[in-house]
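Chemist: give me coordinates for this.
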Amino acid sequence: MADALTPMMQQYQRLRGSVPEDTLLLFRLGDFYELFFEDAKEASVLLRVLRATRNAVTLCGVPSLAVLVCTAQLSRAGRRVAVGDLTNGP
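Modeler: So this is what the prediction gives:
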């Protein structure tokens with residue numbers, strides 16, 4: 001299945017696998033931090049943001065300028081949070 005994923009999503013999956021399961025991963029893509037799959041489902045409720053599905057992937061996002069407010073809100077809700085960034089390398 002990894003072959004069917006875009007390089008960006010492959011990088012996300014590697015990073016997601018490196019953080020504990022009970023941690024929400026905010027992944028920076030341009031001017032937004034995105035959450036995918038189960039993280040998106042939970043964070044969309046806690047942050048009160050819209051959730052979408054694109055190519056069978058559930059996602060939600062917040063502007064990068066709001067990431068500190070959002071991580072604080074998720075922490076107050078009792079969730080662990082990790083912040084990651086897309087790199088240009090392999």
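Chemist: hang on, isn't residue 41 packed against residue 53?
Modeler: No. With contact defined as CB atoms under 8 Å, residue 41 does not reach residue 53; the gap is 10.4 Å. Using the backbone N, CA and C atoms, a C-beta is placed for each residue, glycine as well.
Chemist: neighbour count: these two, which is higher?
Modeler: Using other CB atoms under 10 Å as the criterion, residue 41 and residue 53 rank with residue 41 on top: 14 against 9.
Chemist: am I right that that one is in a strand?
Modeler: No. Residue 41 is assigned helix when assessed by DSSP: H, G, I helix; E, B strand; the rest coil, not a strand.
Chemist: need the pLDDT of the nearest residue in space to it that is not next to it in sequence.
Modeler: What sits nearest to residue 41 in space, not counting adjacent residues and going by CB to CB, 6 or more residues apart in numbering, is residue 58, at 5.9 Å. Turning to residue 58, the model gives it a pLDDT of 95.
Chemist: check contacts around residue 58.
Modeler: By CB atoms under 8 Å, 6 or more residues apart in numbering, residue 58 lies in contact with 36-38, 40-41, 51-52.
Chemist: from residue 49, how far out is the spatially most central residue of the chain?
Modeler: Nearest to the mean C-alpha position of the chain, by CA atoms, centre = their mean, lies residue 35 at 2.2 Å. Here residue 35 is placed at a distance of 9 Å from residue 49 (CB to CB, to the nearest Å).
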